[in-house]
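1. based on what follows, work out the 3D shape:
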Amino acid sequence: MLEDAVGLAAVTVLAVLEQAYFSLQVIYARRKYSVSPPATTGPPEFERVFRAQANCSEYFPVFITVLWTAGVFFSQGLSSVCGLLYLYGRLCYFRGYSQSAQGRLAPLYFSAKILWVLVGFSSLGVFLSFCRVYLNVDLLQEVCFALDLV
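-> Next up, the predicted model:
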């Protein structure tokens with residue numbers, strides 16, 4: 001059973017490490033720009049780092065939820081690959097936003113698309129499992145059977 005989730009677990013640990021890295025960058029920016037907690041305003045350079053970290057943290061629960069739901073109910077492999085792409089997009093987002101507000105846009109759109117793919121995989125996987133478990137209908141098998149007849 002554990003082997004069935006190793007890809008998802010690896011991506012999750014990597015995601016937690018990425019979040020820790022973002023948090024550390026805020027600490028370093030606080031020191032660099034002399035912004036003491038609990039203040040969240042300061043020079044624009046600090047505010048961009050702070051906002052990038054906050055935005056990544058806001059999306060983290062959504063990402064983890066759809067990563068695992070898609071992995072369990074749809075495909076661990078595809079979900080893990082999507083998870084890695086999402087984390088790469090978030091890293092690019094963080095770096096881009098830290099440089100300039102415009103630098104966040106392309107990576108933001110990229111990571112949002114990956115997140116929507118995971119939402120789609122999750123929805124489809126849960127729907128197919130629901131049909132199989134509660135309606136005794138294996139829609140995937142039915143579709144494959146119908147395509148063989150055509």
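2. which stretches in this structure count as strands?
-> Using DSSP state E, no strands are found in the chain.
3. any low-confidence regions in it?
-> Along the chain, segments meeting pLDDT under 70 span 1, 149-150.
4. show me the residue at the heart of it, geometrically.
-> residue 63 (3.6 Å; CA atoms, centre = their mean).
5. residues in contact with the nearest residue to residue 124 once chain neighbours are set aside?
-> The shortest distance from residue 124 to any non-neighbouring residue, by CB to CB, 6 or more residues apart in numbering, is to residue 74 (6.2 Å). C-beta here means a position set from N, CA and C on the backbone, and glycine is covered the same way. Counting by CB atoms under 8 Å, 6 or more residues apart in numbering, residue 74 makes contact with 121, 122, 124, 125.
6. farthest-separated two in those residues?
-> 122 and 124 (7.4 Å; CB to CB).
7. which one of those two has more residues nearby?
-> residue 122 (21 against 15; other CB atoms under 10 Å).
8. returning to what we had before: which of the contacts of residue 74 fall in helices?
-> Using DSSP state H, 121, 122, 124, 125 are the members of the contacts of residue 74 that sit in helices.
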